[in-house]
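Chemist: Sequence first, predicted coordinates after that:
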Amino acid sequence: MNTTESLPPFTGTALGCIRGGRAVFAGLDFSVAPGEALVLLGPNGSGKSTLLRVMAGLLKPTTGKLAWGETGLRDEPELHAARTHYVGHHDAVKPVLSVAENLRFWARLHEPHAGRAAGAVDNALARFGLAHLRDIPGKMLSAGQKRRTNLARLLAAPSPLWLLDEPTTALDRANIKVLENVFAEHRAAGGMVVLSTHQDVDLPGSRTLHLDEFAVFAEEDDQ
């Protein structure tokens, strides 16, 4: 699905989530409009990864609502899936497939027309410096090469909303710069970026959401 500036904002209202019997966050609101970037901040365990999975539709919030404009995700889950690309903290690289085969797999999920999918894969390989590794099996890649392969999915299978969990892990400064340029181009075309990070990433005009502000603390018994 191509990026477009005509999309409504993607929003969350009064979100709460419980995992493993623990309340991770509550009363959380956010909004991301075309061209915007939102950076999730907070210590480990504050719920950054959980929120990204909720945004992606992989986890259901315990309370609250996710929506595109006035349309809730529960009303059109397939449309949300088509608009969204989630790249988790762990690299989803199939070890027996080559770099190019991994990207073709993801591209064809989003783009059924083989010719356009092939062009997107070639572009993704070139942008992330993977063209010379296109025939190398995933199991032979270094940590940095796996991360770049994972991130290349963003270009191989375009979607308006990018959700990324610690995308700069295992990247050197040069490849972080490549990623920053890809983010800038995506936003300029009306795309949206939401990411968690412990490193500085250049996202001009981005907003921040501090997850620890929505933490739920159990009240201590008075003794």
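Modeler: Yep, it's here.
Chemist: Look up phi and psi at the closest residue to residue 135 other than its chain neighbours.
Modeler: Excluding the flanking residues, the one nearest residue 135 by CB to CB, 6 or more residues apart in numbering is residue 98, at 5.0 Å. For the C-beta atoms, the positions are set from N, CA and C on the backbone; glycine is no exception. Dihedral pair for residue 98: phi -70, psi 170, per degrees, to the nearest 10.
Chemist: Ok, the one 3 residues further on next?
Modeler: Reported as degrees, to the nearest 10, the phi and psi values for residue 101 are phi -70, psi -40.
Chemist: what residues are up against it?
Modeler: residue 94 (CB atoms under 8 Å, 6 or more residues apart in numbering).
Chemist: same thing with residue 68?
Modeler: So residue 68 contacts 7, 8, 9, 10, 11, 76, 79, 80, 83 (CB under 8 Å, 6+ apart).
Chemist: Let's see if you can find the most crowded of those residues.
Modeler: residue 10 (26 neighbours; other CB atoms under 10 Å).
Chemist: Just the CA atoms of the host helix or strand of residue 79, as CSV, please.
Modeler: Using DSSP states H and E, residue 79 sits within helix 77-83. Only the C-alpha atoms of helix 77-83 are listed here, as CSV (Å, rounded to 0.1, in the frame of the first residue of the first chain):
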residue,chain,number,x,y,z
PRO,A,77,-8.2,-5.0,11.0
GLU,A,78,-7.2,-6.0,7.5
LEU,A,79,-7.0,-2.3,6.4
HIS,A,80,-4.8,-1.6,9.4
ALA,A,81,-2.5,-4.5,8.6
ALA,A,82,-2.1,-3.2,5.0
ARG,A,83,-1.2,0.3,6.3
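Chemist: Which strands or helices does it pack on?
Modeler: Contacts defined by 3 or more CB pairs under 8 Å, 6 or more residues apart in numbering; DSSP states H and E place helix 77-83 against strand 63-68.
Chemist: Run me through the strand neighbours of the strand it packs on, direction for each.
Modeler: Using DSSP bridges, strand 63-68 pairs in its sheet with strand 10-19 (antiparallel), strand 71-72 (antiparallel).
Chemist: follow-up on the earlier one: next SSE downstream of the helix holding residue 79?
Modeler: strand 84-87.
Chemist: hmm, back to that, the contacts of residue 68 into CSV, with extra columns for distance to residue 39 and pLDDT?
Modeler: Shown next, in CSV, are the contacts of residue 68 (distance: CB to CB, whole Å; pLDDT from 0 to 100):
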residue, distance to residue 39, pLDDT
7, 20, 92
8, 21, 95
9, 17, 97
10, 15, 98
11, 17, 98
76, 27, 89
79, 26, 90
80, 22, 93
83, 20, 93
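Chemist: related to what we said a few turns ago, out of the strands paired with strand 63-68, which is the most enclosed?
Modeler: Mean neighbours per residue, mean count of other CB atoms under 10 Å, is largest over these for strand 10-19, with a mean of 18.
Chemist: low pLDDT regions in this protein?
Modeler: By pLDDT under 70, the weakly predicted segments of the chain are 1-5, 111-117, 217-223.
Chemist: tell me, which helix in it spans the most residues?
Modeler: helix 173-188 (DSSP state H).
Chemist: Helices of the chain, residue ranges please.
Modeler: 48-56, 77-83, 99-110, 114-127, 143-156, 173-188.
Chemist: now for the ones you listed, which one comes closest to residue 208?
Modeler: Closest to residue 208 of these is helix 48-56 (CB to CB; 11.6 Å).
Chemist: I appreciate the help and will end here.
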